[in-house]
Structure formats: C-alpha cells, structure tokens
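S.K.: Fold the following for me, if possible:
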Amino acid sequence: MKDFLKFHAAKNGKTAPFELPRIVAAGVFDGVHPGHREIIRKAAERAAEVHAVVLALSFTPHPRQLLCPGNPPRLLISENERIGKLYDAGAQETAFIDFTPEVAALAPGDFLEELAGNGHFKVAGICVGEHWRFGKCGSGDGQVLANFCRELGWTYDGVPELEYDGEIVSSTAIRNAALTGDLEKFRRLAGDDLTLTGVVEHGFAIAGTKLSAPTANLQCRYGVVPPDGVYAGSAGVDGQNYPAAVNIGFAPTFNGLQRRIEVHLIGYSGVLYDRELTVKLYRFIRPERRFDSPDELKIQIASDIKDVTEQFDLCSGERMVYK
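M.R.: So this is what the prediction gives:
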C-alpha cells in the first residue's frame with residue numbers, strides 16, 4: 001500500500017540501516033503515559049536480547065478521529081510532543097501509520113503483511129499492550145498477532161496494563177481526570193502535569209489596559225481543558241519557563257460569551273500573537289466569578305498573581321519547581 005507509514009529518523013537525525021532489525025512497539029500512544037512507557041521499556045529489553053533497534057509505531061490521525069467523527073477524542077499532546085516523549089521513554093526511532101479509510105478496512109493479516117513489507121525497516125518483533133486490537137473493526141487481537149509473529153519468526157510481547165489505585169492507566173481515564181479538574185489524579189495517571197498547547201490569538205485587550213495583567217489568549221489545539229476557574233501554571237517561551245496565572249472561562253465581569261483560556265505569564269514582556277504556547281497546570285486556585293466592577297477584579301487578579309508567584313522556585317534550567 002502506497003505511503004502506508006511515515007518514517008522518522010532517530011532523535012540524533014541518523015537512521016539505522018534497513019538490514020538492522022527493529023523491535024516494533026505499537027500503539028496509539030496518546031499522552032505516552034506510564035502504561036505506554038512500559039511497552040517501550042519491554043521493547044527495549046527485547047531489542048537488547050536480539051541486537052535490534054527500538055522503533056515506536058503509532059498512528060496519525062488518532063484512529064477514533066476517523067472511526068468516530070461525531071465524537072473524536074481530545075488529543076492529550078501534539079504529534080511533536082508525542083515523538084519527543086517516545087524518545088524519552090526509550091524509543092530509538094519512530095514511525096506513524098497514515099490512518100486512512102483504506103488502512104482501517106485492512107483485515108488483521110493484511111495489516112501485518114503491510115507492516116512486514118513496509119520498505120523502511122526490517123521487523124524482528126512486536127511489542128504491544130496485551131489488549132491491543134488492530135485490523136478491520138478491531139478484529140485482530142493478541143492471539144492473531146502472536147500466531148503471525150510465530151509464522152515469520154518474530155518475537156511477540158503482550159504487556160499487561162498498569163493499574164493505579166485499582167484503576168487501569170489509560171488515555172480515557174486521564175482525559176476524565178482532566179475534565180473533572182482532578183489535577184492530582186491526572187498527574188498520577190499520566191506521569192506528567194496537565195498540558196494545554198495552542199496558538200496565541202488576539203483577545204479583547206481588556207486584561208492589559210483595564211486590569212494591569214496582560215494575557216495571552218490561547219486557542220487550545222491539544223490537551224483536555226479542565227473546568228472553569230483560575231489555575232497556577234507555567235508557560236515556556238524562548239527556552240525560559242515563566243510562572244503563569246491561567247483563567248479558564250467566560251470573563252463574566254465583562255459579560256463574555258465565549259469560553260477562553262487567558263494566560264498571564266508572570267515576569268514576561270513581549271508579543272506572543274500567532275506563536276505556539278504550551279501551558280502546564282499545577283493547581284486550582286479559585287472558581288471564576290462575576291465581580292461588581294473591573295477594579296474589584298483587578299484587586300483579585302493581583303492577589304492571584306501573588307499566590308501563583310509564591311508557589312514557585314524559578315530555576316536557571318528548563319524545569320520549574322512547584323512547591
């Protein structure tokens with residue numbers, strides 16, 4: 001099948017020779033949570049045994065975006081972030097299957113034949129979550145995959161799901177934690193803080209002129225937006241992290257009609273319009289509410305900024321430490 005997958009070079013920009021076998025760690029990997037990282041870890045363990053390269057194989061777009069267009073999942077991270085996290089988890093190369101209607105219609109055996117003859121790399125084994133399904137209507141399971149691997153002399157590893165406090169670690173559980181505003185549960189399940197990534201757009205120009213707290217109006221593309229309110233967070237610009245007071249909601253004091261994500265980067269001075277911005281949320285501060293006047297809101301915002309600032313130790317490196 002033409003253009004079955006998109007192959008990426010390794011993190012260092014170099015690609016291993018075709019003849020060098022790959023252990024393929026396959027999955028959607030949205031968020032690259034601890035369960036996903038366990039699949040990569042097992043693949044690396046197997047690769048060391050057979051002297052192979054660890055290749056993380058994922059899909060673009062997310063299969064449910066094609067299969068469930070009326071209810072597509074909110075992606076937890078961008079494709080670039082996914083690639084970076086896969087490398088951090090131990091993958092040496094990455095590849096993405098272009099998930100088209102033709103790919104979705106492939107029978108399990110045909111899907112695996114396409115993978116075997118992909119032309120970019122030689123497969124020595126496959127590592128997946130033990131409940132991973134593939135092929136038309138998810139008709140391929142671990143037994144089908146194990147039989148195919150046995151026929152071709154590939155290794156096969158089905159990795160058990162991770163659990164935390166009796167709950168399976170999954171992208172669905174992580175999304176639900178975000179939707180309910182349970183940042184602590186999100187952090188435990190995802191192994192990272194809730195992240196919102198998007199492009200900074202022009203807003204109402206009220207925060208800077210009337211409230212003395214200019215904000216970046218974030219049009220969120222990746223990440224699950226939690227309930228309305230004010231959050232302590234951080235944002236990175238030009239390699240430097242800034243504490244951030246983040247307001248999510250409708251700006252009721254100004255009778256706003258559109259839900260917005262307004263990010264005030266504490267200590268930052270510059271123009272962010274049309275730039276991509278990634279914001280991490282650490283703690284819920286207070287609900288959003290209507291104030292009797294802009295001056296009253298201005299006083300509250302100053303208090304919020306003070307609250308956020310006191311939560312952080314600013315480091316000279318890339319990381320910001322939350323108290």
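
S.K.: Give me the most central residue, this protein.
M.R.: Ile77 (2.3 Å; CA atoms, centre = their mean).

S.K.: contacting residues for it?
M.R.: Contacts for Ile77 (CB atoms under 8 Å, 6 or more residues apart in numbering) come out as Asp30, Gly31, Val32, Lys85, Thr195, Thr197, Tyr222, Gly223. Placement of C-beta: from N, CA and C, glycine included.

S.K.: Pick the one among those closest to Gly70.
M.R.: Ranked by distance to Gly70 (CB to CB), the contacts of Ile77 are led by Asp30 at 18.7 Å.

S.K.: which stretches of this protein form helices?
M.R.: Using DSSP state H, the helices of the chain run over 34-50, 63-67, 79-89, 101-104, 108-116, 142-152, 171-179, 183-190, 207-210, 294-309.

S.K.: In terms of mean pLDDT, which of these ranks lowest?
M.R.: Of all those, the minimum mean pLDDT falls on helix 207-210 (a mean of 52).

S.K.: about what we covered before: quick one: the residue nearest to the centre of the chain from Ala107, how far?
M.R.: To Ala107, Ile77 is 31 Å away according to CB to CB, to the nearest Å.

S.K.: Output stretch 90-104 as CSV, restricted to C-alpha atoms.
M.R.: Taking C-alpha atoms only, stretch 90-104 is exported to CSV below (Å, rounded to 0.1, in the frame of the first residue of the first chain):
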residue,chain,number,x,y,z
GLY,A,90,13.4,4.8,25.2
ALA,A,91,12.4,4.6,21.5
GLN,A,92,15.3,5.0,19.1
GLU,A,93,13.2,5.6,16.0
THR,A,94,9.5,6.5,15.4
ALA,A,95,7.1,5.9,12.6
PHE,A,96,3.5,6.8,12.0
ILE,A,97,0.9,4.9,10.0
ASP,A,98,-1.2,7.2,8.0
PHE,A,99,-4.6,6.0,9.3
THR,A,100,-6.9,6.3,6.2
PRO,A,101,-10.2,4.6,5.4
GLU,A,102,-8.1,2.1,3.4
VAL,A,103,-5.9,1.2,6.3
ALA,A,104,-9.0,1.0,8.6
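
S.K.: List the buried residues in it.
M.R.: For stretch 90-104, a neighbour-count test (16 or more other CB atoms under 10 Å) marks Gly90, Ala91, Gln92, Glu93, Thr94, Ala95, Phe96, Ile97, Phe99, Val103 as buried.

S.K.: What average pLDDT does stretch 229-246 get?
M.R.: 92.

S.K.: That one: which residues count as buried?
M.R.: So for stretch 229-246, counting by 16+ other CB under 10 Å, buried means 229-236, 241-246.

S.K.: so can I have a markdown table of the helices of the chain showing distance to Asp3?
M.R.: Converted to a markdown table, the helices of the chain look like this (distance: least, CB to CB, whole Å):
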| stretch | distance to Asp3 |
| --- | --- |
| helix 34-50 | 25 |
| helix 63-67 | 16 |
| helix 79-89 | 16 |
| helix 101-104 | 10 |
| helix 108-116 | 11 |
| helix 142-152 | 23 |
| helix 171-179 | 26 |
| helix 183-190 | 32 |
| helix 207-210 | 46 |
| helix 294-309 | 47 |
